[in-house]
Each structure stands twice: as C-alpha cells, then as structure tokens.
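1. just a sequence and a predicted model for now, questions to come.
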Amino acid sequence: MNGFFVMLGIESWKPVVGALLLPPVPFLLLLLLGARLLLPRRGLGWLVILFSVAMMWLSSCIGTAQFLSQFVLHPPSALTSSRLKELKTDARQPAAIVVLGGGMEPYAPEYGVSNLTRLSVERLRYGVWLGRETGIPVGFSGGLGWGAPEEGKSEAQVASQIAAQEFGRPLKWVEDKSRDTRENAAFTIALLKPLGIKHIVLVTHGWHMPRALRAFEDAAGKGSEIQIDAAPMGLARGVEAPSLTWVPTTRGITEVRNILHELLGRIAGA
C-alpha cells in the first residue's frame, strides 16, 4: 500500500487516509448506516447502531489499548539496568543512539519559536538520558511530515536546539529530511553507515517500536554489520484502577488510535 502511494506520487495523502480509517470515523459512518436501516429493516438497523456505539466506547478505553498492545503489537521490553551497563562497557564501537521524531509545532506562541510535540519531547528526553547513562552519542531523525508546510525548521533542527539549550546535551547527528518511519530508517542508515557506525540503539515509544525496528532492519539490509537494539519508552501504565481502564477517556482515545495507526502502517508496509 505504501508503494502504491509512492507510485502515484500522492504520499501527502497518507495522513488524510489514515484519519479516515481510524476511529471514530468508521463507527460514525456505521451509525449513519444503522439510522438509514431503521425504516426498512428495524432490527438490523438497531444492531448496527448498537455495534457502532459499543466500538466507539471500546476505542476510547485504556484497557483496549493495553489489550491490543500486549496481544497484537507485542512491543519489546524496556532496557534493563544490566543491559545499560552492557551498553556502557560494550566494545562494539562506534555506536549511536537514534531518537525518532514524533511531531512538532511550527510555532509555539508561549515560546515564540517552533517546539516539539509531547511525543517527541518524551523520546528526546529518554534519548538524552540514555546517552548520559551509556556515554553513547545521540542523534535525532525527523523532518517535515507529510502534509506539513514546506517551510520553517525541521523537527530534527528543533530537537537539536532543545537538546543543547534545555537539556545541556548537544546532539551529534541530525537527520532532517525524513517524513515518515520508513524514511527515518533509510536516511539515518545512509547518514551513519559511511561514518562506520556498527551499533544503533533505537529510541521511540513502545507502540511504535515494532514497525520502526522493522524499517531500520530493512534499511540496513540482510547480513548488515549494523546491529540495531530496541530502546522503547513510554511503557509505564497509569494509576487507574483496572475497572476504570474500561471507561472512555481522552487518553484512551489517543492510545487506541496510536496502536491502530501502527497496525495500519504495518499492513500498508509503511
């Protein structure tokens, strides 16, 4: 599917197509269909309406996100303290920590400049922390996403500024041309491979890691000398009681959409 968009030169449509395929749009359309069926086929109409309402409820629950993550996405576990020690003393060098972007704000009025979204800041913070703990230099991958205005700073440039000025840890590498996960991988490997990098520690959210890891392994190629380790973050569960995870919340909507977006990307080969 991703190749189909590329072949037609309509890659910028991917965010729109994704938004239409993800909740709540499909279930809203089902609701309309159910309402239309009430007159000619009352029983079927009510069945479609009740199904749509139930799916909208479930697609807004943290419990649904946790279930899908555990049994469908299968994200890797977080790095353990012993693994961090291994990375710190590992003789396989040179190595690089690569943080994948998760979005940016072209202009944040409270700062008066461009800013990273919450997802990107969380990833950058962990990448910087990981670099400090292991001594491995850190890079960031992220340009202007599909559909974004072709002007202003790239996400990686904004991240570089935040890392240096706010975290006090300047980035060593910046890849600022990529627009999606597959390009993150392709452009980052192309940047680091000529520099002799043999080991990449990949940082992104747990729900994004399976697809990102696959993209980087594909970009490195079979039999590549580059080893890629997953360093997922954002794996902590909330403090809600188990029963409350099945009550619709804004966080539930966001997490379910993120996971379904990953599944859609996996199916589309993006």
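-> Yep, it's here.

2. and the helices in the stretch 51-200 of the chain?
-> 62-68, 81-89, 118-134, 155-165, 181-192 (DSSP state H, counting those that start in this stretch).

3. what's the closest of these to residue 98?
-> If you check each of these against residue 98 by Cβ to Cβ, helix 181-192 wins as the nearest, at 5.7 Å. Glycine gets a C-beta too; all of them are placed from N, C-alpha and C.

4. before we move on, back to that, and the helices of the stretch 51-200 of the chain, which one is worst for confidence?
-> Note on the helices of the stretch 51-200 of the chain: helix 81-89 shows the lowest mean pLDDT, a mean of 92.

5. what helices or strands is that one leaning on?
-> Applying 3 or more Cβ pairs under 8 Å, 6 or more residues apart in numbering; DSSP states H and E, we find helix 81-89 packed against helix 118-134.

6. angle of the helix it packs on against helix 81-89?
-> If you take axes from the mean of the first three to the mean of the last three Cα atoms, to 10 degrees, helix 118-134 sits at 70 degrees to helix 81-89.

7. buried stuff in helix 118-134?
-> 119-131, 134 (16 or more other Cβ atoms under 10 Å).

8. about what we covered before: any chance of the helices of the stretch 51-200 of the chain in a markdown table, plus distance to residue 216?
-> Shown next, in a markdown table, are those (distance: least, Cβ to Cβ, whole Å):
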| stretch | distance to residue 216 |
| --- | --- |
| helix 62-68 | 23 |
| helix 81-89 | 17 |
| helix 118-134 | 15 |
| helix 155-165 | 16 |
| helix 181-192 | 4 |
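
9. tally of neighbours for the closest residue in space to residue 193 that isn't next to it in sequence?
-> Leaving aside its chain neighbours, residue 193 sits nearest to residue 226 (6.9 Å; criterion: Cβ to Cβ, 6 or more residues apart in numbering). Neighbours of residue 226 under the rule other Cβ atoms under 10 Å: 18.

10. before we move on, what about residue 66?
-> Residue 66 has 18 nearby residues by other Cβ under 10 Å.

11. now stretch 207-219: buried residues?
-> By neighbour count on 16+ other Cβ under 10 Å, the buried set for stretch 207-219 is 207-213, 215-217, 219.

12. no wait, stretch 183-190
-> Under 16+ other Cβ under 10 Å, the buried positions of stretch 183-190 are 183-189.

13. and the end-to-end length of stretch 21-29?
-> 11 Å (Cα to Cα, to the nearest Å).

14. list of residues touching that stretch?
-> Outside of stretch 21-29, the residues within contact range by Cβ atoms under 8 Å, 6 or more residues apart in numbering are 19, 52-53, 55-56, 59-60, 253, 256-257, 260-261, 264.

15. kindly present the residues you listed as a markdown table, with separate columns for distance to residue 83.
-> Shown next, in a markdown table, are these (distance: Cβ to Cβ, whole Å):
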| residue | distance to residue 83 |
| --- | --- |
| 19 | 37 |
| 52 | 45 |
| 53 | 45 |
| 55 | 39 |
| 56 | 40 |
| 59 | 35 |
| 60 | 35 |
| 253 | 33 |
| 256 | 30 |
| 257 | 31 |
| 260 | 30 |
| 261 | 28 |
| 264 | 31 |
